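>>> kindly return the folded structure for what I paste below:
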Amino acid sequence: MVPYLRILLVHLWVFSVAGAVLIGALSLGYVSIWAFVVAGVAGLVLGVPAGLLNWVYLRPNRARETGWSRGLAQMLRADGPRL
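Numbers count the residues shown, from 1 in each chain. Sure, this is the predicted structure:
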């Protein structure tokens, strides 16, 4: 099964971060191909982890109890880790 929520969130975060960096670079007067390259790299470097963390936070509770991100999901919840 394809994880549509994960794919959607990662793409949204990557494009949002890249767009914000590109708007900032263009508004500062950096009008070249390197502004787009730096925006793309920043979008990938910052957007992929942010999208995955957002996906871990939004997953259903039953899915949080199993899987590789169980500890991370418990740290992100408001009640803290359970021992």
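
>>> and L9, how many neighbours does it have?
If you count neighbours by other CB atoms under 10 Å, L9 ends up with 21. For glycine as for every other residue, the C-beta is placed from the backbone atoms N, C-alpha and C.

>>> for G29, grab phi and psi.
Phi and psi for G29, reported as degrees, to the nearest 10, are phi 100, psi 10.

>>> can you pull the pLDDT of it?
Looking at G29, its pLDDT is 94.

>>> identify the residues contacting it.
Contacts for G29 (CB atoms under 8 Å, 6 or more residues apart in numbering) come out as none.

>>> that one and A35, how far apart?
G29 sits 10 Å away from A35, going by CB to CB, to the nearest Å.

>>> how about L26?
L26 is 6 Å from A35, by CB to CB.

>>> more neighbours: these two, which one.
Comparing L26 with A35 by other CB under 10 Å, the one with more neighbours is A35, at 18 against 14.

>>> the chain: helices as residue ranges?
4-27, 33-58, 61-64, 70-76 (DSSP state H).

>>> which of those helices comes out lowest on mean pLDDT?
Among the helices of the chain, helix 61-64 scores lowest, with a mean of 54.

>>> which ones are touching G40?
Contacts of G40 by CB under 8 Å, 6+ apart are A18.
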